[in-house]
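Novice: compute the structure for the input listed below.
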Amino acid sequence: MKTDTGAQIALGAMVSGNEGEDMPKGSAELTNARKEEIIAACRKLYETMSFKEITLKEIGQQTSFTRTSIYNYFETKEEIFLALFTQEYECFSRELDSLCEQQESLTLDELASALAHALERRPLMLKLLSMNMYDMEANSRMERLVEFKKAYGDSKDALDRCLKTFVPGLGEQGRQTFLYAFLPFVYGLYPYTKVTEKQKQAMQEAGVSYVYMSTFDMAYDFIRTLLGGLQ
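Specialist: Alright, predicted model coming up:
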């Protein structure tokens with residue numbers, strides 16, 4: 001993620017003007033810097049607050065310009081979260097593409113390990129996946145939703161390229177079977193591996209037996225088992 005320089009923030013402050021301003025006139029770089037600052041503020045708040053607790057007012061207090069100015073870039077907090085989600089997918093795609101570029105071949109164990117580590121390094125992406133995406137998408141404009149879907153599609157294509165590179169014997173049908181088992185699986189990975197003490201206590205009192213696993217261990221076991229079954 002890009003970081004704002006002091007000059008960018010100072011310039012942004014001059015352009016923001018008063019409450020209720022129109023879209024600020026400036027370069028594309030300035031607009032992107034403003035968007036990045038808003039997304040970064042949301043990312044920081046989400047480390048300690050829940051989606052429900054975070055408001056546009058809270059996000060505005062973390063930026064160098066007025067809360068009303070946020071509406072020049074995002075109409076709802078759901079759009080900001082969707083932009084954050086988009087960045088996470090973009091980072092995930094880059095990591096998968098890098099894997100294909102740096103490695104000529106991998107065993108099934110090595111590929112499962114590499115993919116599991118890639119997921120392990122994206123806890124925010126997994127956390128966002130576990131949210132109610134229907135509401136997030138419903139409260140975002142089509143242009144923002146299209147940006148997000150493109151990032152999602154790129155990550156799906158990057159994963160498919162990994163399969164083509166490292167498991168060429170799968171074929172098109174095998175890759176499709178893997179993708180549409182893997183993609184729904186990651187939606188539930190975060191709540192199954194990030195368990196609070198309160199949740200653990202409730203499971204104990206309910207008498208529910210449960211094996212607590214790390215993100216890497218659960219993802220590795222799933223990916224390796226799936227790939228092995230498709231070979």
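
Novice: report the next helix or strand after the lowest-mean-pLDDT helix or strand in the chain in sequence order.
Specialist: Across the helices and strands of the chain, mean pLDDT, DSSP states H and E gives its lowest value to helix 6-16, namely a mean of 35. Next in sequence after helix 6-16, counting helices and strands by DSSP states H and E, comes helix 28-46.

Novice: got the CA coordinates for that next one in CSV?
Specialist: Written as CSV, here are the backbone C-alpha positions of helix 28-46 (Å, rounded to 0.1, in the frame of the first residue of the first chain):
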residue,chain,number,x,y,z
ALA,A,28,-5.0,11.9,-10.2
GLU,A,29,-2.2,11.4,-7.8
LEU,A,30,-3.9,13.7,-5.3
THR,A,31,-7.2,11.8,-5.6
ASN,A,32,-5.5,8.5,-5.2
ALA,A,33,-3.6,9.8,-2.2
ARG,A,34,-6.8,10.9,-0.6
LYS,A,35,-8.4,7.5,-1.2
GLU,A,36,-5.4,5.7,0.2
GLU,A,37,-5.5,7.8,3.4
ILE,A,38,-9.2,7.0,3.9
ILE,A,39,-8.6,3.3,3.3
ALA,A,40,-5.6,3.3,5.6
ALA,A,41,-7.7,4.9,8.3
CYS,A,42,-10.3,2.2,8.0
ARG,A,43,-7.6,-0.5,8.1
LYS,A,44,-6.2,1.0,11.3
LEU,A,45,-9.6,1.2,13.0
TYR,A,46,-10.5,-2.3,12.0
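
Novice: which strands or helices does the following helix or strand past it pack on?
Specialist: Downstream of helix 28-46, the first helix or strand assigned by DSSP H and E is helix 56-60. Counting contacts by 3 or more Cβ pairs under 8 Å, 6 or more residues apart in numbering; DSSP states H and E, helix 56-60 is packed against helix 28-46, helix 77-102. Where C-beta positions appear, they are placed from N, C-alpha and C, glycine not excepted.

Novice: can you list the buried residues in stretch 187-194?
Specialist: For stretch 187-194, burial by neighbour count (16 or more other Cβ atoms under 10 Å) applies to 189-190, 193.

Novice: save these as a markdown table, and put in secondary structure, distance to residue 119 and pLDDT too.
Specialist: As requested, the buried residues of stretch 187-194 are exported to a markdown table (DSSP: H, G, I helix; E, B strand; the rest coil; distance: Cβ to Cβ, whole Å; pLDDT from 0 to 100):
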| residue | secondary structure | distance to residue 119 | pLDDT |
| --- | --- | --- | --- |
| 189 | helix | 7 | 96 |
| 190 | helix | 10 | 96 |
| 193 | helix | 10 | 94 |
